[in-house]
Each structure stands twice: as C-alpha cells, then as structure tokens.
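1. sequence and computational prediction follow.
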Amino acid sequence: MTLRLYLLQRLTAALMVPLIVGHLATIIYATHHGVSAAEILGRTRGSLGWALFYGLFVLLAAMHASIGVRSVAADWTSLRGRPLTILMWGFGVLLLLLGARAIYAVVAS
Amino acid sequence: MSGLNQRLHTAGHRRDLFWVAAIVHRVSGILLACFLPIHFLVLGLAIERTAALDGFLKWTELPAVKIAEAGLVFLLAVHLLGGIRVLLIENLTWRPSQKRLATAAIGTAGVVALLFFLRAL
C-alpha cells in the first residue's frame, strides 16, 4: 500500500467513527419501533440532513472499503500492480454508484 | 532460524491477542464489503415502488434473517471498535493496557449485537 492510500484509509476510518455510531444508534432505534418502508421513507424523504449524512457516509465507505479490498487482495492473493488498482477503483466506483442510487431512492424518489 | 523454530514462531504469533484482533478486524471488513452492495441494492428498491421495499422488509421478519441481521450489526460494531484500536495503537504511545482494550472492544461489540437482537425479537 502506498503512503497516500495508507493515510487515506486512516483518515476515512477516523471520519466514519461518528457516522457509524449514529448509524448503529439509528438501527437500534428503528428496529425497536418496527422497520417498514413507510417508517424509513418517512424519516428520510425530503431530508437534506439525512442526504448529507448518508452522502458523506457512502463516499467515505466507498473509499475505505475499496482501499481495504486492495490491501486484502495484495496480502492474500497473487494480484499485483495494475490488476490491484483496477480492483480497487472498480469496487470503489461500484459502491459509489449503488450508494448514490440508494440515497436517491430513500431521499428524493 | 531452523524450520522447526520458524514453524513454532509462526504458530506462536497466532495465539497473540493482537493477531486475533487484527484477523477479526480484517475478516469483519471483508464481510462488510461483501454486504454493502446488497444493502444499497435493497434500499434502491424504494425507487421502483414502496411495496417492493416493504416486501423485502417482511422477509426480514423471519427468525433466520433476524439472526443474520444481528450478525451484520455485530460485524459493523466489531469493525468500528477494531478500527478505533488500530488508530489508537498507531497514533498513541504503545501501552500494555492495549491488549485489554482489544478484548474490551470485542466484548462491547458482542453486547451491542446482543442488544440489537433482543430488541428485534
């Protein structure tokens, strides 16, 4: 792992700490009150706050997870060089696109 | 180092609490990375129609799925706590108490997962 990726991995991890705590608290709260599409969408639809919260979360998670997948592949498989870079970018872009679609679905659709 | 000594050394580090904490952090990260695309796809169902999302959420009422959900919350909690452990070890002066911190992290994650599971039942 290059120094830049190493630092980015740590930076995204540190920034996600409060977001994950908030997400876990929301999961526990929502589960206690019964999870339904109406309950989820009632909370998120039209909410700029949730859009920003989950927008940042998806961006950080996509970067963190793709760098992590690259590290694991480098340690535990024979992949080296360009294939590792393609794997990292491919997984990161996939997560970004699916995450953006999910946010659009629960906030704006 | 002889082959035997090398094997003993290799086997020895696997009993180390730090090694266990590192492998738990890595495996929980891999499993979360596998889950994330599915999680986003399910939320994306709301684009098509609310009923599609509700249909999926009804499926999550099954006991086996509830157990899997508790497992996912456990993975997220354990990865969070393992990550905090890594950030502390790398950025603060190394202390012997960090082994206890690693153990406490795993234990706390277990309690969070258990809490979620009990509330969900």
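-> Right, received. Where do you want to start?

2. ok, now which ones touch residue A:61?
-> With contacts taken as C-beta atoms under 8 Å, 6 or more residues apart in numbering or on different chains, residue A:61 has the following neighbours: A:12, A:16, A:95, A:99, B:36. In this view, the C-beta of every residue, glycine as well, is placed from N, C-alpha and C.

3. what's the helix or strand for it?
-> If you go by DSSP states H and E, residue A:61 is part of helix A:48-76.

4. after that helix, which helix or strand is next?
-> Scanning the chain past helix A:48-76 towards its C-terminal end, the next helix or strand to appear is helix A:82-103 (assignment: DSSP H and E).

5. what packs against that following helix?
-> Based on contacts counted as 3 or more C-beta pairs under 8 Å, 6 or more residues apart in numbering or on different chains; DSSP states H and E, the elements that helix A:82-103 packs against are helix A:48-76, helix B:17-43.

6. make it 10 Å
-> helix A:48-76, helix B:17-43, helix B:45-48 (3 or more C-beta pairs under 10 Å, 6 or more residues apart in numbering or on different chains; DSSP states H and E).

7. pull out the buried positions in the first one.
-> In terms of neighbour count (16 or more other C-beta atoms under 10 Å in any protein chain shown), helix A:48-76 has its buried residues at A:50-51, A:53-54, A:57-71, A:73-74.

8. tell me the angle that helix makes with helix B:17-43.
-> Using axes from the mean of the first three to the mean of the last three C-alpha atoms, to 10 degrees, the direction of helix A:48-76 lies 130 degrees away from that of helix B:17-43.

9. chain center to helix A:48-76: distance?
-> Taking C-alpha atoms, centre = their mean, to the nearest Å, one finds the center of helix A:48-76 at 4 Å from the center of the full chain.

10. again, but for the last one
-> Its chain's C-alpha centre lies 28 Å from the corresponding centre of helix B:45-48 when counted by C-alpha atoms, centre = their mean.

11. model confidence over it, on average?
-> Across helix B:45-48, the average pLDDT comes to 74.

12. before we move on, what about stretch A:89-96?
-> 98.

13. can you pull up the most central residue in chain B?
-> By C-alpha atoms, centre = their mean, chain B has its centre lying nearest to residue B:75, at 2.3 Å.
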